[in-house]
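Engineer: heads up, no residue letters with this:
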C-alpha cells in the first residue's frame with residue numbers, strides 16, 4: 001500500500017492530538033489554521049479513515065485517531081531520539097523545552113548550563129519558568145514544564161527526584177551583631193535574638209520547619225517576607241538575624257556574615273524533578289541528561 005503523506009503531516013496530526021485545538025496546534029507549528037487543516041485532510045485521505053471528529057466549537061480524536069496518535073507519537077519520538085544521538089546532525093535539531101527552576105538555581109547554576117547546551121544545540125529553545133519551590137512542583141505536576149530544578153519533590157507522591165547537589169542553611173547577621181564573632185551557632189541560641197524569616201509560602205521555610213518539628217522553643221519570626229533577598233535586606237538594616245541557604249548570600253557584601261548552624265545542621269538538596277511515568281520529549285530528555293552529566297562531572 002502506498003501511503004502518500006510525509007513527516008510534516010504526522011507532526012501536524014500529533015500537535016492537534018496533543019492540544020485538542022487546531023488553533024493551539026497551528027501556533028505550536030508556526031502554521032496557519034488552513035494549512036494545518038490541509039495536512040490533516042491529506043493524512044486522513046492517505047489512511048482512508050477519519051482521525052478527528054470536528055465541530056465548529058471543538059475537535060477530538062476518533063477511536064481510530066486515538067490508536068494512531070499513540071503510534072505516530074512513538075514514531076516521531078524515536079526519530080527525534082535518533083537525530084539527537086547523531087552528533088553530526090544534533091546542531092540541526094529544533095525544539096522547545098520548558099524548565100521550572102527555583103530562583104537560587106536560576107541565578108547560580110542554570111546560566112552556565114544553558115550557555116554550554118546552546119553552544120551544542122543552538123536550535124533547541126529553552127524556556128525557564130523561575131518560581132518558588134511549591135510553584136515549581138505545581139507546574140511540573142501539571143505538565144506546563146517538562147521537568148524542574150527544585151529542592152522539594154523527594155517526598156512527593158508520583159514525583160521522581162534525582163539529586164544533584166547539597167547546600168547548608170546558615171545564620172546571617174550583620175558584622176557588628178553579637179553572634180558575628182562565633183564560629184558556629186546552635187538553633188537554640190536564636191530564641192534570644194530578633195529572628196527574621198521568609199513566609200509560610202516558601203519552600204525554605206517548609207524544609208526548616210520539618211527539620212525543627214521536634215525542637216521545643218524554636219525561634220519565631222518577628223518579621224516575615226516572601227523573598228529571601230528582602231529578608232537579607234532587613235538583616236542588613238539591623239532588624240535582626242535570619243537563616244538562608246548558603247547560595248543566597250550576596251557576594252561582595254561586607255556588612256553581612258554567614259555562620260554555620262548546628263543542633264541540628266540543616267541542608268537542602270537540589271535535584272531534577274519529573275512526574276513518574278511521564279515520558280520526556282527527546283529534546284527535554286537531552287537537556288535533562290545534559291544537566292545531570294554536568295553536575296556529575298563537576299562533583300567527580
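Structural biologist: Arrived safely. In this text, all values refer to a predicted model and were calculated from it rather than measured experimentally.
Engineer: so where is the protein shaky, pLDDT-wise?
Structural biologist: Applying pLDDT under 70 to the chain flags residues 1-3, 81-94, 295-300.
Engineer: any idea which strand is longest in it?
Structural biologist: When the chain is parsed with DSSP state E, its longest strand is strand 159-174.
Engineer: now do it: which elements does it pack against?
Structural biologist: helix 133-142, helix 203-211, helix 228-236, strand 241-245, strand 256-262, strand 267-275, helix 282-299 (3 or more CB pairs under 8 Å, 6 or more residues apart in numbering; DSSP states H and E). C-betas here are computed from N, CA, C, even on glycine.
Engineer: what is the third one packed up against?
Structural biologist: Applying 3+ CB pairs under 8 Å, 6+ apart, one finds that helix 228-236 contacts strand 159-174, strand 195-198, strand 223-225, strand 241-245, strand 256-262.
Engineer: name the strands paired with the first one and say parallel or antiparallel.
Structural biologist: Sheet pairing here is set by DSSP bridges, and for strand 159-174 it gives strand 241-245 (antiparallel), strand 256-262 (antiparallel), strand 267-275 (antiparallel).
Engineer: and the ones you listed as a markdown table, adding distance to residue 123 and mean neighbour count?
Structural biologist: Listed next are these as a markdown table, based on distance: least, CB to CB, whole Å; neighbours: other CB atoms under 10 Å:
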| stretch | distance to residue 123 | mean neighbour count |
| --- | --- | --- |
| strand 241-245 | 35 | 24 |
| strand 256-262 | 42 | 17 |
| strand 267-275 | 23 | 20 |
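Engineer: to residue 106, which of the ones you listed lies closest?
Structural biologist: Across these, residue 106 has its closest neighbour in strand 267-275 (11.4 Å, CB to CB).
Engineer: which residues sit against the closest one?
Structural biologist: If you take CB atoms under 8 Å, 6 or more residues apart in numbering as the criterion, strand 267-275 is touched by 102, 105, 109, 136-137, 140-141, 143, 146-154, 156, 158-169, 204, 207, 245, 280, 288, 291-292.
Engineer: return the set of buried residues in the longest strand of the chain.
Structural biologist: Buried residues in strand 159-174, counted by 16 or more other CB atoms under 10 Å: 159-161, 164, 167, 169-174.
Engineer: which one is residue 235 nearest to, not counting chain neighbours?
Structural biologist: Spatial nearest neighbour of residue 235, chain neighbours left out: residue 242 (5.0 Å); criterion: CB to CB, 6 or more residues apart in numbering.
Engineer: mind listing the residues bridging to that neighbour?
Structural biologist: The partner list for residue 242 in beta bridges (DSSP bridges) reads residue 172, residue 196.
Engineer: quick one, what contacts it?
Structural biologist: Listed by CB under 8 Å, 6+ apart, the contact partners of residue 242 are 171-173, 195-197, 231-232, 234-235.
Engineer: mind putting the helices and strands packed on helix 228-236 in JSON lines, distance to residue 56 included?
Structural biologist: Shown next, in JSON lines, are these (distance: least, CB to CB, whole Å):
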{"stretch": "strand 159-174", "distance to residue 56": "40"}
{"stretch": "strand 195-198", "distance to residue 56": "50"}
{"stretch": "strand 223-225", "distance to residue 56": "50"}
{"stretch": "strand 241-245", "distance to residue 56": "53"}
{"stretch": "strand 256-262", "distance to residue 56": "62"}
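Engineer: quick one: closest of the ones you listed to residue 52.
Structural biologist: Nearest to residue 52, of those and by CB to CB, is strand 159-174 at 33.3 Å.
Engineer: ok, then the element right after the closest one?
Structural biologist: Downstream of strand 159-174, the first helix or strand assigned by DSSP states H and E is strand 185-186.
Engineer: no more questions from me, cheers.
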